[in-house]
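Asker: could you work out the structure for the sequence below:
(2 chains)
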Amino acid sequence: MDTETLIRALARDEGPTPRSQIAARIALALGVGLGFGLLALSATLGFRPDLGTAMWAVAAKALFAAVIGTAGLGAAMHLSRTLARTRAALPLLIMGGASLLIAAIALASEMPEHRWAAWTGNGFPWCVVLIPVFSIPTALGLVWALRDGAPTRLTLAGAAIGALSGSVGTIVYAGFCPVDSIAFVTTWYVAGIALSAAVGALAGRWLLRW
Amino acid sequence: MAVTGDDQRLRKLMLAGIAGDSQAQTELLSALAVRLRSYFRNRGMTPSDGEDLVQETLIAVHTKRSMYDPAQPLLAWVHAIARYRLIDRYRREKKRGVQVPVEDWSEALAGEAPEAGDPARDVARLLDQLPDKQRRSIELVKLQEKSVAEAASLTGWSQSDIKVSIHRGMKLLQRLVSDRAPHSQEGLV
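Answerer: Coordinates of the predicted model:
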C-alpha cells in the first residue's frame, strides 16, 4: 500500500476522535488492583488478628502509602504521554528522601537500646519483598492502561507505574504488617515501593512498547 | 521553544482532524509524510525502510491522536513519535548501542521533500491478521471508500458496530505494525 492510499484510508470517515480513556483505565486498574491485592492477602497471610484495635495504626500506614501513591499517580499520568518530562518523577524522589529523613529523626528520638527493634521490627523486614508481590495485580492493570497511551520514555514510565502499584501493594500489606514503628514504616515500606519501581523500570522497556 | 507559523497551521489541522474533519486530517498527514520522509532519510534509512517508518509513524500519529495535548507544539509531538519509532526499529533489529541524537525538532522536521520510496512491507497485508468483522469494516470504509451507512447495509451490522470495529481494528493494526518482524528476517521465521 503506498503512503497516499494509507493516508486516505486513515483519514476517512471516522468521525470525531473519542477522548482518551487513559485516566479511566488507570482508575480502573487501581481499583481492581487494590481489590485483588486485598483478596490475595486474605487468602495467604491474612489480616493481622488485632485489626480492630490497631485500626488507626493500619489507617495511618495506608495513608502514608497513599500520599506516596499520589506522587506515583502524577508521574504515571504524565509519563503516559509523548513528550513527557523527566522531572515528572521528581516528587517521588522527594517523598522517598523525606521518608528516610523522618526515619532518621524517629530513630534519633528513640532510646538507644530500642533503636534496633524500632528500625527492623526485630527481624528481617519482609515487607520489602512482600510489597512488590502484592502490587502485582495493580502493576498488570497499569501496564494495560499505559499501553493505550503513547509513552516514549518507557523505562521511566515503567518506574512510575512500579512506584504507583508499589503504593497500592503497601496499602494492602498494611492490613497484615504487625510493626507500627514510624522508623520501620518510613524506611522499609519506602524500600518496598522503591523495589517495585526498580522492577517496573526494567520491565517497562518491554511491556510498555507500542 | 520556537513555535513556528507552520506549527500553528498543522496544529489547527490536527485539532480539526480530531474533531472529525477528514479533509484536514488528510492534509495534516500528507504534510507530515513529506517531513517524516526526509527525517528518516537523513538518519541513514534506505528509501524503502524509510517509507515503512513514515507509514508506521503516520499510523501512530493517527491512532494516538487522542493523547495529543493541544498545549504541546505539534511538530515536537510528531518528532518525539518519529524518534520513538526509529529507536523501536533499532531495538527490534537488535542493533545495540545505536544513538539517536536528541535534536531540535523544528530543524529535524524541517527538511525539503525527497521522493517517496516503496514501503518494504505492506500494511494491507497486515489487515489479514485482524478479526473478520474488523477487517471487513476497515476494507469497506477505509479502502473501498464506502460510507459507514453503506457498509452497514452491505454487512447487516449496525452503523455503531461498524464504527467500533474500525476503531478497534485501527488500534490492533497499530500494534501489529510495531510488532512485525524486521523485513530482513521475515524469511527466517
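Asker: give me the low-pLDDT residue ranges for chain A?
Answerer: For chain A, the stretches flagged by pLDDT under 70 are A:13.
Asker: export stretch A:98-118 as PDB, just CAs?
Answerer: Presented in PDB, the C-alpha positions along stretch A:98-118 are these (Å, rounded to 0.1, in the frame of the first residue of the first chain):
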ATOM      1  CA  ALA A  98      11.700  12.900  53.100                       C
ATOM      2  CA  SER A  99      10.600   9.500  54.300                       C
ATOM      3  CA  LEU A 100      14.200   8.500  55.100                       C
ATOM      4  CA  LEU A 101      14.700  11.800  56.900                       C
ATOM      5  CA  ILE A 102      11.600  11.100  59.000                       C
ATOM      6  CA  ALA A 103      13.000   7.600  59.800                       C
ATOM      7  CA  ALA A 104      16.300   9.200  60.900                       C
ATOM      8  CA  ILE A 105      14.500  11.700  63.100                       C
ATOM      9  CA  ALA A 106      12.300   9.000  64.600                       C
ATOM     10  CA  LEU A 107      15.300   6.800  65.300                       C
ATOM     11  CA  ALA A 108      17.200   9.600  66.900                       C
ATOM     12  CA  SER A 109      14.400  10.300  69.300                       C
ATOM     13  CA  GLU A 110      14.300   6.600  70.400                       C
ATOM     14  CA  MET A 111      16.300   5.400  73.400                       C
ATOM     15  CA  PRO A 112      19.500   3.800  72.000                       C
ATOM     16  CA  GLU A 113      18.600   0.300  73.400                       C
ATOM     17  CA  HIS A 114      15.300   0.400  71.500                       C
ATOM     18  CA  ARG A 115      16.600   1.700  68.200                       C
ATOM     19  CA  TRP A 116      17.300  -1.600  66.500                       C
ATOM     20  CA  ALA A 117      13.900  -3.000  67.300                       C
ATOM     21  CA  ALA A 118      12.200   0.200  66.200                       C
END
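Asker: just the element for the residue nearest the centre of chain A, please.
Answerer: Centrality entry for chain A: nearest residue to the mean C-alpha point is residue A:164, 2.2 Å, by C-alpha atoms, centre = their mean. For residue A:164, the host element (DSSP states H and E) is helix A:154-173.
Asker: how far does the helix or strand just after that helix sit from its chain's centre?
Answerer: Taking DSSP H and E as the definition, the helix or strand that follows helix A:154-173 towards the C-terminus is helix A:182-184. Distance of helix A:182-184 from its chain centroid, counting by C-alpha atoms, centre = their mean, to the nearest Å, is 19 Å.
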